[in-house]
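Trainee: One predicted model, sequence on top.
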Amino acid sequence: MISLIRLDDRLIHGQVAVVWTKYLGVNRILVANDHIINNDVQKMSLRMAAPDTAKCAIMAVDEAKEVLNDPRAVNMKIMVIINHPADARRIIEHLPAIKTLNIANYGRITDNLAAKTRVADTVYVTPEDIADFMAIAARGVSVEYQVLPSHPVKNFIEMLKSA
């Protein structure tokens with residue numbers, strides 16, 4: 001069962017490895033990314049960043065969709081981490097059971113920050129990103145901004161409209 005799907009540029013880092021995994025009690029972290037799957041150094045770094053309490057899998061988005069649809073996944077507590085709204089959209093379109101997308105750190109790790117819209121201190125988006133978020137929300141998925149579990153949940157779509 002998917003405990004959380006999180007959009008985060010940094011993928012696995014302290015907030016994810018320490019705070020979110022403990023808060024959710026997950027036993028699996030699934031990083032879904034078509035580019036990292038071909039980078040052995042990044043894969044090794046992500047696996048090293050994962051806590052000992054959660055098995056880490058790194059796979060292409062299409063493979064992740066199939067794994068998450070496997071009936072055996074129901075018995076697992078899985079945190080899915082992606083780092084691009086288009087990948088979140090692809091997964092959510094394939095898995096109608098997903099009801100929430102968590103967003104925290106996105107869009108700052110690029111070369112053209114000035115061309116993006118600032119939505120929060122930790123989120124900057126392009127028009128393409130906005131289209132993906134709106135399509136996700138149109139499916140009835142709650143798109144939420146929450147950096148840490150102790151922080152209040154904010155409606156990200158409302159934040160987009162105000163940005």
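Mentor: Great, that's in hand.
Trainee: now the farthest one out in this structure, which residue is it?
Mentor: Using CA atoms, centre = their mean, the residue of the chain lying farthest from its centre is A114. It sits 23.4 Å away.
Trainee: Show the backbone phi and psi for that residue.
Mentor: The phi/psi pair for A114 (degrees, to the nearest 10) reads phi -60, psi -20.
Trainee: Contact partners for I29?
Mentor: 12, 16, 21, 50, 54-57, 78-79, 81 (CB atoms under 8 Å, 6 or more residues apart in numbering). No exception for glycine: its C-beta is placed from N, CA and C like everyone else's.
Trainee: how close does the residue farthest from the centre of the chain sit to K55?
Mentor: As defined by CB to CB, to the nearest Å, A114 lies at a distance of 40 Å from K55.
Trainee: Residues touching the helix of greatest length in the chain, excluding its own?
Mentor: As assigned by DSSP state H, the longest helix anywhere in the chain is helix 127-138. The contact list for helix 127-138, computed with CB under 8 Å, 6+ apart, reads 85-86, 88-89, 92, 101, 106-107, 117, 125, 143, 156-157, 160.
Trainee: Buried residues, whichever helix or strand comes after that helix. List them.
Mentor: Going down the chain from helix 127-138, the next helix or strand is strand 142-145, by DSSP states H and E. Residues 143-145 are the ones in strand 142-145 that count as buried (16 or more other CB atoms under 10 Å).
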